[in-house]
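Q: Next input, structure requested:
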Amino acid sequence: MVQEAVDLASISQGDVSRELERAAIKLVRYALACQAAKKPMRREVIRDLVKTDSGAGKLSNVFTHANYLLSKDFGLEIVSLPVHEKQLVYRDNAQNTQQQTSSKSSTVNKWVLQSVLPDNARALLEVEQGKDEREIAGFAATVLSLIFVNNMSMPADQLLLYVRKLGPPECIHSPEGSGNMRSSRLSESQLESAAREAISYLVNLGYLDKVSSSTSGATNGSAMETQATQRANDAGDGDTGMEYVWGPAAKTKFQPMDMARFIAAITGQECTAEFVKTISRAYGNRIE
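A: Here you go, the predicted model:
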């Protein structure tokens, strides 16, 4: 939660409450607009929105009241996106590879909306989603599940192969010369282009991060580094030695148990304790 204070004016308590309400409503509107545009909320925009509301008090108070309004009226809340992590790989020998994630704290600069509704209520809302939204959500979850059961990372060329086989939703890729993604008339270059574009789309939404990994046996150095400035057209450049991992939006939206249930559903299995145990081994951590 943001902690910076906004300058206070010498005004009455009643004025403070009115200013807080006004600032919170601005934040709610901005949050809903970002949700509709599938973009994260940004710190600099939030500061601009509430900086004139000097009676609102601390920005953290504005966040708290905005979350109250969002929860009451929309069943949503503002949550921070995890910062892009810098991952280090150290190889003691050819058979023993250790990964370490940098624990340096970073200032939160982006937020998204997350549902606070119970599972059964969320399921009813998902039924009311448009066709494109349902297809994108299902495609994203499927791609993330492939990475999930591959110890949370996958070589770029391997993910590209899987995405080509899946066939990205038509609403993601450019229509020029592509036609129906599942049509046998598509050329190999069209299939690959559409798959790369779909992966880039997930990168831009924050579902995926593209990282570089060393295969030559690095010693006590950085061998895998998140590229936080990844852009859409980078997904197809220099795939050799590149991998994909979950991005901040994926970590916010999908909990390990949610993903285990999703995998059970798409594979037609019961999400039993034994199934979760099996998925945990592929995931690389215990799922609770």
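
Q: which residues in the stretch 1-150 of the chain form strands?
A: Assigned by DSSP state E, counting those that start in this stretch, the strands in the stretch 1-150 of the chain fall at 41-42, 76-80, 87-93, 96-101, 110-115.

Q: who touches residue 159 in this structure?
A: Counting by Cβ atoms under 8 Å, 6 or more residues apart in numbering, residue 159 touches 143, 146, 147, 199, 244. (Glycine included, C-beta is placed from N, CA and C.)

Q: The helix or strand hosting it - what's its average pLDDT?
A: Using DSSP states H and E, residue 159 falls within helix 156-166. Averaging pLDDT along helix 156-166 yields 93.

Q: repeat for stretch 272-288
A: On average, stretch 272-288 scores 93.

Q: what helices or strands is the helix of greatest length in the chain leaning on?
A: Counting by DSSP state H, the longest helix found in the chain is helix 13-37. On a contact count with 3 or more Cβ pairs under 8 Å, 6 or more residues apart in numbering; DSSP states H and E, helix 13-37 meets strand 41-42, helix 43-50, helix 59-74, strand 76-80, strand 110-115.

Q: again, 6 Å this time
A: The elements that helix 13-37 packs onto, with contact taken as 3 or more Cβ pairs under 6 Å, 6 or more residues apart in numbering; DSSP states H and E, are helix 43-50, helix 59-74.

Q: Ok, which of those helices comes nearest residue 136?
A: Evaluated with Cβ to Cβ, the helices and strands packed on helix 13-37 place helix 59-74 nearest to residue 136, the distance being 20.7 Å.

Q: Residue 251 reaches residue 80, doesn't it?
A: No: contact criterion Cβ atoms under 6 Å: residue 251 and residue 80 do not qualify, at 10.8 Å.

Q: Can you give me the domain assignment for the protein?
A: Following automatic domain parsing, the chain resolves into domains at 13-80, 108-254.

Q: mean pLDDT for those: which is lowest?
A: Across the domains of the chain, domain 108-254 has the smallest mean pLDDT, namely a mean of 75.

Q: re earlier: now mean neighbour count and distance to residue 171 too, for the helices and strands packed on helix 13-37, in TSV please.
A: Listed next are these as TSV, based on neighbours: other Cβ atoms under 10 Å; distance: least, Cβ to Cβ, whole Å:
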stretch	mean neighbour count	distance to residue 171
helix 43-50	15	27
helix 59-74	18	24
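
Q: Relative to residue 208, which of the ones you listed is closest?
A: helix 43-50 (22.7 Å).

Q: quick one: contacts of the closest one?
A: Identification of contacts with helix 43-50 by Cβ atoms under 6 Å, 6 or more residues apart in numbering yields 23, 26, 30, 62, 109.

Q: ok, back up a step: CSV for the domains of the chain, including distance to residue 273?
A: Formatted as CSV, these follow (distance: least, Cβ to Cβ, whole Å):
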stretch, distance to residue 273
domain 13-80, 29
domain 108-254, 17
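
Q: Please name whichever of these is nearest to residue 264.
A: Here domain 108-254 is closest among those (Cβ to Cβ), at 10.4 Å.

Q: To what extent is residue 24 buried, counted in neighbours?
A: The number of residues packed near residue 24 is 23, by other Cβ atoms under 10 Å.

Q: Distance of it relative to residue 71?
A: For residue 24, the distance to residue 71 equals 12 Å [Cβ to Cβ, to the nearest Å].

Q: Likewise for residue 158?
A: From residue 158 across to residue 71, the span is 41 Å (Cβ to Cβ).

Q: Kindly report the same for residue 202.
A: Relative to residue 71, residue 202 is positioned 28 Å away (Cβ to Cβ).

Q: Could you do residue 145 as well?
A: 29 Å.

Q: what does residue 201 give?
A: Residue 201 sits 30 Å away from residue 71, taking Cβ to Cβ as the criterion.

Q: same deal with residue 192?
A: From residue 192 to residue 71 the distance is 44 Å (Cβ to Cβ).

Q: Next: residue 208.
A: Distance of residue 208 to residue 71, computed by Cβ to Cβ: 29 Å.

Q: Please apply the same query to residue 274.
A: Using Cβ to Cβ, residue 274 is found at 36 Å from residue 71.

Q: One more: residue 242?
A: The value you get for residue 242 to residue 71, if Cβ to Cβ is used, is 40 Å.

Q: Over to residue 133?
A: Counting by Cβ to Cβ, the gap from residue 133 to residue 71 is 22 Å.

Q: same thing with residue 265?
A: Residue 265 is 28 Å from residue 71, where distance means Cβ to Cβ.
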